[in-house]
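Q: sharing a model prediction with you, sequence too.
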Amino acid sequence: MTRDYVSVNRDVWDADAANWVAVGERLWRAETPEWGNWGNADDSLQLLPSDLTNKDAIELGCGTAYVSGWMARRGARVTAIDVSPLQLATAARLAKEHAVKITFIEGNAEETCQADASFDFAISEYGAAIWCAPDKWLREAWRLLRPGGQLVFLGNHPLSLLCSPLDGSPCDTTLHRPYVGMWGADWTEVEFDPSGVCFNLTISDWMDLFATIGFTVSKYQEVFAPDWAQGIRGAIPAEWAKKYPVEQVWHLVKKT
């Protein structure tokens, strides 16, 4: 991957920032978290600890930072980083409106410039989980966490990428690319709905990378669209996502 994906993805998210304002406002108002493109219920996924009192937490690739807002309400001291200044402008406005204290950083989640071992918990819902190179952002997350600290991230399931046509049209039931050597996809010049550069790995490559860096896997979840889902979200038809895993969640712990 030679393209300057950090700049590409910054430009994509700046250009799309206005389209995420309403979603951010709704999720900041949500009494309980909901996750992923289809808004799966928190009680089935439980990505956040129920109590984060006196914990230091960081969101890696925060967008409008509603996840950071949820963590702050659970008692955490929250830092949130994002590469897009326009997304952060919305995030800062909403934090102020909801009287939530969050430290915002404009920057690349692969290089946060935060101190070693300064956080107890880290999370990425999409964000760094798909828009940053796995070997870079995961090593950075490991560096940031204290021994025994937790990292949770939600992103696209590898199968959803395999079944995504090369022209960017919606996911279907054909395998359009090989599983061997999977790294992600460059969507910048596709015919339908061009966007940025995303990353993904085979499941075994994810697990090998975790072990190499120094994470253990405490839980792995495959996420489907809920029964009520209709239409297409993120180029994934609801009917496809009810039958096949559309997203994955990794729960990791930094080895002590």
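A: Looks like it came in fine.

Q: so for the longest strand seen in the chain, what gets flagged as buried?
A: When the chain is parsed with DSSP state E, its longest strand is strand 145-156. For strand 145-156, a neighbour-count test (16 or more other CB atoms under 10 Å) marks 145-146, 149-156 as buried. For glycine as for every other residue, the C-beta is placed from the backbone atoms N, C-alpha and C.

Q: what does stretch 195-204 give?
A: Buried positions in stretch 195-204, judged by neighbour count with 16+ other CB under 10 Å: 195-201, 203.

Q: returning to what we had before: out of the buried residues of strand 145-156, the closest to Trp137 would be?
A: Set against Trp137, the nearest of the buried residues of strand 145-156 by CB to CB is Phe153 (9.0 Å).

Q: mind checking how far Arg143 is from Ile81?
A: Distance, Arg143 to Ile81, by CB to CB, to the nearest Å: 14 Å.

Q: neighbour-wise, which of these two wins?
A: Ile81 (25 against 17; other CB atoms under 10 Å).

Q: ok now the longest strand of the chain, how far from the chain's centre?
A: Put simply, strand 145-156 sits 11 Å off its chain's centre (CA atoms, centre = their mean, to the nearest Å).

Q: tell me what the longest helix seen in the chain is packed against?
A: Across the chain, the longest stretch assigned as helix under DSSP state H is helix 85-97. Packing partners of helix 85-97 (3 or more CB pairs under 8 Å, 6 or more residues apart in numbering; DSSP states H and E): helix 5-15, helix 21-29, helix 66-73, strand 77-82, strand 102-106.

Q: out of those, which comes closest to Leu52?
A: Nearest of the helices and strands packed on helix 85-97 (CB to CB): helix 66-73, 5.7 Å.

Q: buried residues, that closest one. List them.
A: Residues of helix 66-73 classed as buried: 66-72 (neighbour count, 16+ other CB under 10 Å).

Q: also stretch 49-62?
A: For stretch 49-62, by 16+ other CB under 10 Å, it's 49, 52, 55-62.

Q: stretch 110-121 too?
A: For stretch 110-121, by 16+ other CB under 10 Å, it's 110, 112, 114, 119-121.

Q: chain center to that stretch, what's the gap?
A: With CA atoms, centre = their mean, you get 17 Å for stretch 110-121.

Q: sorry, back to before: adding pLDDT, secondary structure and distance to Cys163, write the buried residues of stretch 49-62 out as TSV.
A: Below are these laid out as TSV (pLDDT from 0 to 100; DSSP: H, G, I helix; E, B strand; the rest coil; distance: CB to CB, whole Å):
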residue	pLDDT	secondary structure	distance to Cys163
Pro49	96	coil	33
Leu52	98	coil	36
Lys55	98	coil	38
Asp56	98	strand	39
Ala57	98	strand	34
Ile58	98	strand	33
Glu59	98	strand	29
Leu60	98	strand	27
Gly61	98	coil	24
Cys62	98	coil	29
